[in-house]
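# okay, here's the prediction I keep looking at, along with the sequence it came from:
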Amino acid sequence: MDKQQTLLGSVALILASGCASNTQVDNKLFLEGEILASDNINFNRDEQSDVVESLSVGLEHERTTRHGFSEINYRATAYHYHESDNRDDFSQHLDLSAEQGLGSKQWYVMGDAAIRNVSSDVAVDAIGDVVSGDTVEEQALTVGFGYRSQSRFIDANALIYGDLKRYDDGDGDYEGYGAQLNTQAGDALNRYITDLSVRAYSRDSDTTDTQTITGITSLGYLVTQYWAPVIAITYQDYDSSLDINDRDFFAVGIGARYQFDRFNYFQLTYNRDDDDENFVGTELAFYPHQRLRAFFRYGQRVYGNAYDFSLTYLSRRWMNEISYTEEINSFDRDFAGVADDSVTVERVMDWVSTLRLRRAEIEFLLGYEEKEELNNFMNEEIANLRLGARYQHELSPRTTASIGALYREYQFDDGRDQNDDYLTLDMELRHYLSRTLSFNSELRYKTRDSNQDNRDADEFRVTLSLRKDL
């Protein structure tokens with residue numbers, strides 16, 4: 001039995017383990033038929049029009065128990081093209097998340113699985129979908145065993161897991177395992193500072209393997225009500241079967257922390273790394289109440305300056321979530337043609353702001369993603385900017401309308417200096433004919449403007465669909 005079958009079997013056991021008392025289950029099967037008309041079905045300069053009919057069958061599942069939950073959204077769709085010969089297609093979409101406590105809330109097993117279609121090559125069509133045909137199926141699976149505790153002496157969260165990814169064309173395939181640990185002193189040890197964050201994982205493909213470990217810790221003791229001397233330690237190591245890509249970083253620093261409590265503090269340290277370079281590290285945690293939480297950290301890693309930031313603000317109607325993360329990654333599909341064990345640093349910023357009104361909702365999003373190749377023999381980079389907004393209004397208890405816009409910019413610094421700008425505009429109307437029968441219509445326009453020859457394209461789509469919940 002291969003690793004994929006083993007992990008799938010583990011997810012099935014997690015789902016089955018929740019079938020006990022105090023279990024609430026909501027299952028919904030559905031059928032959906034759709035007709036789509038496009039004036040440029042392949043989204044290129046040839047501008048071939050087509051009509052596509054599709055039939056979908058799916059399952060929506062929610063389960064909650066005393067110590068666990070599971071959520072499943074699955075859809076299988078068959079497509080028929082009227083004008084494109086030998087083009088009929090089939091796709092699947094799956095989002096699964098499950099967790100189940102093992103006799104208590106502390107020990108648990110978890111599983112996540114996903115099947116989706118992603119762009120086969122972001123440099124060709126970054127927003128391709130199944131209908132346009134510029135996609136490959138991605139299968140992802142993670143199964144883990146964890147422990148979480150909030151005792152008087154220590155707050156701990158630990159997880160060991162196995163994971164894998166598979167693509168139709170094999171680019172970016174891997175399987176692996178990992179572990180992560182986060183600890184902090186509990187209320188009974190509120191004068192001690194024992195912050196620890198460790199993450200390690202290993203990934204293997206048919207030809208190569210990689211290992212990564214990152215550890216950050218702060219140790220100290222409050223000598224007054226608010227002040228504590230601290231020692232900061234940072235370690236990061238990346239190893240691959242291609243030794244030329246190996247990198248490691250180690251730094252030790254001393255400093256001070258001003259701490260109101262373990263959720264609100266400011267820390268400043270002076271650090272020295274294993275190359276005898278000096279840098280100043282900072283850390284800020286701000287959690288004044290349940291509706292507002294902020295965290296910021298600056299330091300050094302194997303790739304240089306490193307930042308980590310998160311901010312969450314919630315009110316009765318307005319929600320804001322901002323995050324910025326940086327992490328080492330391997331087997332990135334966007335660089336799969338460069339090197340099988342390519343190492344990249346991914347910098348991701350996301351801001352989502354949602355305003356809920358009495359019968360309407362306004363959503364704004366801003367995102368930026370940068371992937372930088374860290375191989376010693378090349379240094380490619382892909383950057384992606386996203387800016388979007390959506391307005392949704394409840395016209396009646398049975399009818400909802402929405403309008404949205406999304407702008408995406410892709411920059412490829414790989415010798416081509418390619419820049420692609422995408423703009424998508426859409427209008428949607430959904431009406432419930434009955435409690436289990438709904439009709440949906442959508443108008444969508446998308447365009448691509450590129451600095452490369454023969455890449456400009458636009459498409460206008462009209463979609464009508466009818467869904468029956470069983």
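Received the coordinates, thanks.

# leaving out chain neighbours, which residue sits closest to D248?
Leaving aside its sequence neighbours, D248 sits nearest to D237 (C-beta to C-beta, 6 or more residues apart in numbering; 4.3 Å). Backbone N, C-alpha and C define where each C-beta goes, glycine included.

# from R358, how far off is the one you found?
Distance from D237 to R358, counting by C-beta to C-beta, to the nearest Å: 54 Å.

# and the two? Which one has more around it.
Taking other C-beta atoms under 10 Å, D237 and R358 do not tie; D237 has more neighbours (17 against 6).

# right, and the helix or strand after the helix or strand harbouring that one?
Element membership for D237, per DSSP states H and E: strand 227-240. Using DSSP H and E, the helix or strand that follows strand 227-240 in sequence is strand 247-261.

# so that next one versus strand 227-240, what angle?
Interaxial angle, strand 247-261 versus strand 227-240 (axes from the mean of the first three to the mean of the last three C-alpha atoms, to 10 degrees): 150 degrees.

# quick one: strands adjacent to strand 247-261?
Applying DSSP bridges, strand 247-261 is found paired with strand 227-240 (antiparallel), strand 264-273 (antiparallel).

# only C-alpha atoms, please: export the first one in CSV.
Coordinates of each C-alpha in strand 227-240 appear next as CSV, following Å, rounded to 0.1, in the frame of the first residue of the first chain:
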residue,chain,number,x,y,z
TRP,A,227,11.1,44.3,32.6
ALA,A,228,12.9,41.1,31.7
PRO,A,229,16.4,40.4,30.3
VAL,A,230,16.0,37.9,27.4
ILE,A,231,18.1,35.6,25.2
ALA,A,232,17.0,35.2,21.6
ILE,A,233,18.0,32.2,19.5
THR,A,234,17.3,31.8,15.8
TYR,A,235,18.2,28.7,13.7
GLN,A,236,17.3,27.8,10.2
ASP,A,237,18.7,25.0,7.9
TYR,A,238,17.8,23.9,4.4
ASP,A,239,19.3,20.7,2.9
SER,A,240,18.7,19.1,-0.5
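
# just checking, T436 touches L31?
No - under the criterion of C-beta atoms under 8 Å, T436 is not in contact with L31, lying 10.6 Å apart.

# what do these two both touch?
Common contacts of T436 and L31, defined by C-beta atoms under 8 Å, 6 or more residues apart in numbering, comprise 468, 470.

# among the strands paired with strand 247-261, which comes closest to T447?
When the strands paired with strand 247-261 are compared by C-beta to C-beta, strand 227-240 sits nearest T447, at 39.6 Å.

# which parts of that closest one are buried?
By 16 or more other C-beta atoms under 10 Å, the buried positions in strand 227-240 come out as 228, 230, 232-240.

# next one: stretch 314-324
Neighbour-count burial for stretch 314-324 [16+ other C-beta under 10 Å]: 319-320, 322-324.

# okay, the residues you listed in JSON lines with secondary structure next?
Output for those, formatted as JSON lines (DSSP: H, G, I helix; E, B strand; the rest coil):
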{"residue": "M319", "secondary structure": "strand"}
{"residue": "N320", "secondary structure": "strand"}
{"residue": "I322", "secondary structure": "strand"}
{"residue": "S323", "secondary structure": "strand"}
{"residue": "Y324", "secondary structure": "strand"}
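
# for K468, list each beta-bridge partner.
Beta-bridge pairing for K468 (DSSP bridges): L31, L437.

# tally of neighbours for it?
Counted with other C-beta under 10 Å, K468 comes out at 14.

# and the pLDDT at it?
On the pLDDT scale, K468 is placed at 96.

# what residues are up against it?
Counting by C-beta under 8 Å, 6+ apart, K468 touches 30-32, 436-437.

# of those, buried ones?
With neighbours counted using 16+ other C-beta under 10 Å, these contain these buried positions: 30, 32.

# turn the contacts of K468 into CSV, including pLDDT.
Below are the contacts of K468 laid out as CSV (pLDDT from 0 to 100):
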residue, pLDDT
F30, 96
L31, 97
E32, 97
T436, 94
L437, 97
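
# among the contacts of K468, which two are most distant?
Farthest pair in the contacts of K468 (C-beta to C-beta) is E32 and T436. Separation: 12.1 Å.

# isn't D39 right next to E47, touching?
Yes - contact criterion C-beta under 8 Å: D39 and E47 qualify, at 6.7 Å.

# so where's the stretch 251-400 of the chain shaky on pLDDT?
Counting by pLDDT under 70, the stretch 251-400 of the chain contains low-confidence ranges at 336-342, 375-379.

# could you redo the last one with a cut-off of 90?
260-263, 289-290, 302-304, 316, 328-345, 372-381 (pLDDT under 90).

# repeat that for the stretch 1-150 of the chain.
Low-confidence segments of the stretch 1-150 of the chain, defined by pLDDT under 90: 1-25, 44-47, 65-68, 83-89, 102-106, 120-121, 123, 128, 132-134, 149-150.

# if we use 80, what do you get?
Counting by pLDDT under 80, the stretch 1-150 of the chain contains low-confidence ranges at 1-22, 84-88, 103-105.

# re the thing from before, bridged to the residue nearest to D248, which residues?
Applying DSSP bridges to D237 gives these bridge partners: I213, D248.
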